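K.L.:
Next comes the sequence, and after it the predicted model I'd like to discuss.
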Amino acid sequence: MWLIFGTLYPAYYSYKAVKSKDIKEYVKWMMYWIIFALFTTAETFTDIFLCWFPFYYELKIAFVAWLLSPYTKGSSLLYRKFVHPTLSSKEKEIDDCLVQAKDRSYDALVHFGKRGLNVAATAAVMAASKGQGALSERLRSFSMQDLTTIRGDGAPAPSGPPPPGPGRASSKHGQPKMSRSASESASSSGTA
């Protein structure tokens, strides 16, 4: 019932007013929608504190009916007596406040957007570095297996990680690792 009388009925007659281009009807429905917007905004707060009040919801329905009634012209009366004079006197301050809020929201959006991008970039770099280390270890173990097979040992390569060779000493046994240039010079002097 609230939905039908409070929004659908006025929405349909607002459509008819726009379609017919009747200025008088158009102004009437614009006043209603302004009052209804203020009412629904106030209602969000009053519902929290006054919902216990007897007949509270019935009074709200009666108020909307009063706003809509062509006999009482409630929305027109409230708009002309209270809303229009208040908005006219405070229009400059409201416009300035809206411009400041727009600027602040844009600045906040840019600030949080940059922070979000920084967090995402950091997470991507960390994931890539962790993943790259695991990937390079995996590739290194495969390439070492392939090298032992290519050397012509005749025996198939072992299925686990490669055994430590001259260029790859295991640090678990306390033997130092040789650098890449040292291992290359050792292998080239042995084959020449």
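P.N.:
On my side now, so go ahead. Since this is a predicted model, take the numbers as computed values, not measurements.

K.L.:
what does the average pLDDT come to for the helix ranked longest in the chain?
P.N.:
For the chain, the helix with the greatest residue count under DSSP state H is helix 84-150. The average of the pLDDT scores along helix 84-150 is 75.

K.L.:
domains of this structure?
P.N.:
Taking the TED database as the domain assignment, the ranges for the chain are 1-68, 82-147.

K.L.:
Which among these is found nearest to Ser75?
P.N.:
Go through the domains of the chain one by one with CB to CB and the one that ends up closest to Ser75 is domain 1-68, at 4.1 Å. Where you see a C-beta, it was placed from the backbone N, CA and C, and this is true even at glycine.

K.L.:
Just give me the neighbour total for Gln100.
P.N.:
Gln100 sits with 10 neighbouring residues when counted by other CB atoms under 10 Å.

K.L.:
ok, now how distant is it from Glu93?
P.N.:
Counting by CB to CB, to the nearest Å, the gap between Gln100 and Glu93 amounts to 11 Å.

K.L.:
Same question for Cys51.
P.N.:
Cys51 sits at a distance of 33 Å from Glu93 (criterion: CB to CB).

K.L.:
And Trp66, by the same measure?
P.N.:
Using CB to CB, Trp66 is found at 30 Å from Glu93.

K.L.:
more neighbours, the two?
P.N.:
Legend: neighbour count by other CB under 10 Å for Trp66 and Glu93, higher for Trp66 (15 against 9).

K.L.:
Quick check: closest non-adjacent residue to that one.
P.N.:
The shortest distance from Trp66 to any residue that is not its chain neighbour, by CB to CB, 6 or more residues apart in numbering, is 4.1 Å, and that residue is Gly74.

K.L.:
Pretty sure Arg80 is one of the things the one you found touches, is it not?
P.N.:
No: checked against CB atoms under 8 Å, the pair Gly74 and Arg80 is beyond contact range at 11.1 Å.

K.L.:
who's more crowded, the two?
P.N.:
Neighbours per residue, other CB under 10 Å: of Gly74 and Arg80, the larger number sits with Gly74, 19 against 12.

K.L.:
ok, the more buried one - contacts?
P.N.:
35, 63, 66-68 (CB atoms under 8 Å, 6 or more residues apart in numbering).

K.L.:
May I ask which of those has the most neighbours?
P.N.:
For the contacts of Gly74, neighbours were counted using other CB under 10 Å, and Leu67 has the most, 23 neighbours in all.

K.L.:
quick one: that residue and Ser20, what's the gap?
P.N.:
22 Å.

K.L.:
same deal with Trp66?
P.N.:
Distance, Trp66 to Ser20, by CB to CB: 25 Å.
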